[in-house]
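A.B. asks: pasted the sequence and its predicted model underneath.
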Amino acid sequence: MNCEALFGRLEIVDQTTCKAWRDLFPELIVQPAMLLTNTVVTCQRCQARHSKKRVQLPSGTYYCPTCLLLGRVCSNEYLVNLPEKNCFKGPTELTWQGTLTPAQAEAAEMIKQIFKQHRQHLLWAVTGAGKTEMLFPGLFAALKQGKRVAIASPRIDVCLELLPRLQQAFAKTEIMLLYGDQPEPYHYTQFVLCTTHQLLRFYQAFDVLVIDEVDAFPFAQDQQLHFAVGQARKKTSACLYLTATPGPALLRQVSKGSLSLSYLPRRYHGHPLALPHCHLALRWYQQLMKGQLPSVLNHLLEDKVQRRQSFLLFVPKIALLEPLAKLLGNNFSDLKFTTVYAADPKRAEKVQAMRQEKLTALLTTTILERGVTFKNIEVIVLGSDDGVFTMSALVQMAGRVGRHRDYPTGRVDFICAGYSCAMKQASKQIKQINKKAGF
Amino acid sequence: MRCLLCQQSFIQSLTLADIFYFRALTTSPICLNCQRKFLRIRPNLACSGCGRLQTQQGLCQDCLTWQKNYPQLLHNRALFSYNAAMQDFFKQYKTSGDYQLSTCFTSVLGQFFKKVSADIYVPVPTDTRSYQKRGFNPVCGIFGAVVPLYDCLNKRELPVKQAHKNRGERLAMAQPFQANMDKCRPLARKQIILLDDVYTTGRTLFHARDCLLKAVPGLKITTVTLAR
């Protein structure tokens, strides 16, 4: 067993291996994998509690079904790790060529200070502000000081999109990407990029931890993942939360004073965010099911087709994609489009085709709400009053528009059967941010 | 309720009969969407030897090959086709070791064993090392809640797991089972059903049947598997 692979990394071992490792590494930190009480077992990795009856195996031990995908934790096993030693070799170099706008540079300097002073901070930056680039100077400084750094996001798409950009910026540093289906086995690196679930496998490992898109599902709703963040950080470490749409829980932490906050209300090209236009279509769902295109949607689509404008059409349910695609195919025969959803096997290819402008439109669910950038795009949200479209989802979807320097404006349209609270809040937040940016 | 397979919450739909009849409620822990992904094999469209789904009646190609060595075929009945959904299920259940999933097919199997019954049900065993690693026997987990099981076989440890072999290697496997003679004695002249989770090549089940027949000659044995 290589001792490096245990630095700050939790491994599940049985009793005999545990003993052998303890002889090998006297510093080994050992804790039982599960805590047993009369009726309940608590998993020491993810803190999930289960009734004993439900999770007992015929052999008599208990297991944790909650974090099963990270490898099964059993009550007769142990969680072991070695304290993080920060033994990193090799040069660090910032190979990024771009430049920051003055506002970005100011934020970047602040991030550098946060990393240095081991603070907890929330950076509220609008969609398309250039968040990733602003991290580079701070990350570079931290890496140079021999600190261990991790960037985590709840979304695998975000991680996959970040990896090439980070690799380009830090060409001499090896970056380990960790996610559920990663075929490559774990090895010790200074820079880790992972999904937030993977943080459960670390114990006091990181000096600098950046959580991107904190408000995204499932991080915002999941207590287990908040616990994971606390476990993966060293006791004195910096933690930076990045988001364009902070939820009430984060803002509450800010008002309590446990988290500092800064805004970046202006996009890097200096244009305001697009305000959504709301259209009422009371019976859009019934019309769609009957095989009619709601007239509001029809007008919007005609307009876009005429202008040869590419666009994203969001729907609240996967089941709506098929009937809508059929209707669009009939009514707009020369429109090149396709549908994409979470479990779509060709998901990555379709998004890539859209990026390369081989397609004019994508019909999709909330999966494309964040982390993806298309050059020249407009957005329609059908059924924006549906429960799945939360305030942050709506702001994010609207934020897909106007991200490129050459196409800084565009239309955002919400079609709804009623005005929901989330829609109201989303419009309010976009207006608020624009006002803060001085528009 | 939350579906054990896709983690989505779903509503258990009750029929009027469920409400008014005085009987135990059989609820499924997986949602309708996931249930639909499993392909049920109807007996009239199954191979009479191994129970696989096919378009014509009679024996399939594999069973005709088996017949050259074993004139007496298995007459296996399988409930589901071993499709992608079933593979995912077994990956989570056996490889990851999610024992909760053993209840997924309890109600379907309950209905099945009302029609197909025997005196004694014998599960195919696992070797001690797998049992210790996994903490359960996957076959007993699936069938244990439905029918009373009778353990009378032992399995010796294999250097390479069945799942990691290719078809040729699997077929060449030597007899891995041993019958527990004391326990086999009361089986004489009983109708027996051998139970397994998946029928892949048939090698395992043929071995298990041979082993039982050698211990108690003249037994009437058929087999049932969850998937084929």
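C.D. replies: Arrived safely, thanks for sending.

A.B. asks: make it CA atoms for all contacts and neighbour counts henceforth
C.D. replies: Will do.

A.B. asks: neighbours of the closest residue to chain B within the stretch 51-200 of chain A, how many?
C.D. replies: Going by C-alpha to the nearest C-alpha, chain B is nearest to A:Ser59 of the stretch 51-200 of chain A, at 5.0 Å. Other residues near A:Ser59 number 13, with proximity taken as other C-alpha atoms under 10 Å in any protein chain shown.

A.B. asks: surely A:His118 is in contact with A:Thr236?
C.D. replies: Yes. With contact defined as C-alpha atoms under 8 Å, A:His118 counts as touching A:Thr236 (6.3 Å).

A.B. asks: overlap in contacts of those two?
C.D. replies: A:Asp207 (C-alpha atoms under 8 Å, 6 or more residues apart in numbering or on different chains).

A.B. asks: who's more crowded, those two?
C.D. replies: Per other C-alpha under 10 Å, whichever of A:His118 and A:Thr236 has more neighbours is A:His118, with 17 against 13.

A.B. asks: about what we covered before: am I right that the residue of the stretch 51-200 of chain A closest to chain B is in a helix?
C.D. replies: No. With DSSP: H, G, I helix; E, B strand; the rest coil as the criterion, A:Ser59 is coil rather than part of a helix.

A.B. asks: chain neighbours aside, what residue packs nearest to it?
C.D. replies: Nearest in space to A:Ser59, with sequence neighbours left out and distances taken as C-alpha to C-alpha, 6 or more residues apart in numbering or on different chains, is B:Gly135 at 5.0 Å.

A.B. asks: what residues does that neighbour make contact with?
C.D. replies: A:Leu57, A:Pro58, A:Ser59, A:Gly60, A:Thr61 are the contacts of B:Gly135 under C-alpha under 8 Å, 6+ apart.

A.B. asks: now with 10 Å, please.
C.D. replies: The neighbourhood of B:Gly135, defined by C-alpha atoms under 10 Å, 6 or more residues apart in numbering or on different chains, consists of A:56-63, A:74, B:97, B:99, B:128-129.

A.B. asks: hmm, which of the residues you listed are the buried ones?
C.D. replies: With burial judged by 16 or more other C-alpha atoms under 10 Å in any protein chain shown, the buried subset of the contacts of B:Gly135 is A:Gln56, A:Leu57, A:Tyr62, A:Tyr63, A:Cys74, B:Gly97, B:Tyr99.

A.B. asks: domains of the chain?
C.D. replies: I went with chain A, as the question did not name one. Here the domain assignment for chain A is A:3-81, A:102-264, A:276-436, based on automatic domain parsing.

A.B. asks: right idea, wrong chain: chain B
C.D. replies: Looking at automatic domain parsing, the domains of chain B come to B:1-37, B:42-162+B:171-227.

A.B. asks: highest mean neighbour count out of those domains?
C.D. replies: domain B:42-162+B:171-227 (a mean of 17; mean count of other C-alpha atoms under 10 Å in any protein chain shown).

A.B. asks: quick check, stretch B:150-158 touching chain A?
C.D. replies: No. If you take C-alpha under 10 Å from any C-alpha of the partner chain as the test, stretch B:150-158 misses chain A, and the best it gets is 14.5 Å.

A.B. asks: mind checking the pLDDT average for that stretch?
C.D. replies: On average, the pLDDT along stretch B:150-158 is 85.

A.B. asks: repeat for stretch B:163-171
C.D. replies: Stretch B:163-171 shows an average pLDDT of 81 in the prediction.

A.B. asks: would you mark the buried spots in it?
C.D. replies: Buried residues in stretch B:163-171, counted by 16+ other C-alpha under 10 Å: B:Arg170.

A.B. asks: chain center to it: distance?
C.D. replies: Computed by C-alpha atoms, centre = their mean, to the nearest Å, the chain-centroid distance of stretch B:163-171 equals 19 Å.

A.B. asks: and it, anywhere near chain A?
C.D. replies: No. Judged by C-alpha under 10 Å from any C-alpha, stretch B:163-171 stays clear of chain A, getting no closer than 17.5 Å.

A.B. asks: sounds good, over and out.
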